[in-house]
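Trainee: Got a predicted structure plus its sequence, pasted below:
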Amino acid sequence: MFLQMKRFVVKEGYGQHMIERFQSQSLITEQPGFLKRTILEKKVRRGEEEIILLIQWESEEAWKNWEKSPAHIQGHRERAGKPKPDFILESSNGVYYDRS
């Protein structure tokens, strides 16, 4: 199995906004090889909230097919040149192999 992890630290009060955004229906869930989306929330600390999005794929190839799909590319084109929302304090993205 192959996992993509996206981590967001947001201003206090915006965690639910991110959760709702990730819970909404998305083309990714229809992508061949998509297995599961998990949303993790860390409780508030010092005015910040942390949201982690885990996306599980059957394989790295399935993930790569999503990354180069017209739907995924179009979504990035629509956001190109726009600043990230000011409530996002930091974000990171990584990919991992599940070796269990």
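Mentor: Done, it's in.

Trainee: okay, CA-based contacts and neighbour counts for the rest of this
Mentor: Noted.

Trainee: What distance do you get for K84 to Q4?
Mentor: In this structure, K84 and Q4 are 20 Å apart, going by CA to CA, to the nearest Å.

Trainee: And those two? Which one has more around it.
Mentor: Ranked by neighbour count (other CA atoms under 10 Å), K84 and Q4 place Q4 first, with 17 against 10.

Trainee: Mind listing the residues bridging to that one?
Mentor: For Q4, the beta-bridge partners under DSSP bridges are I55, V95.

Trainee: how close does it get to M18?
Mentor: 17 Å.

Trainee: same deal with T38?
Mentor: In this structure, T38 and M18 are 13 Å apart, going by CA to CA.

Trainee: These two: which has the busier surroundings?
Mentor: Here T38 and M18 are compared on neighbour count by other CA under 10 Å; more neighbours surround M18, at 19 against 12.

Trainee: Now do the SS call for the more buried one.
Mentor: Secondary structure assignment for M18 (DSSP: H, G, I helix; E, B strand; the rest coil): helix.

Trainee: For it, which non-adjacent residue is spatially closest?
Mentor: For M18, ignoring the flanking residues on the chain, the nearest one in space by CA to CA, 6 or more residues apart in numbering is I51 at 7.4 Å.

Trainee: Look up the pLDDT of Q25 for me, please.
Mentor: What the model reports as pLDDT for Q25 is 71.

Trainee: That one looks like it's in a strand, true?
Mentor: No. Read with three-state DSSP, Q25 is coil and lies in no strand.

Trainee: Now do the phi/psi pair for it.
Mentor: According to degrees, to the nearest 10, the main-chain angles of Q25 amount to phi -60, psi 140.

Trainee: Cool, thanks, talk later.
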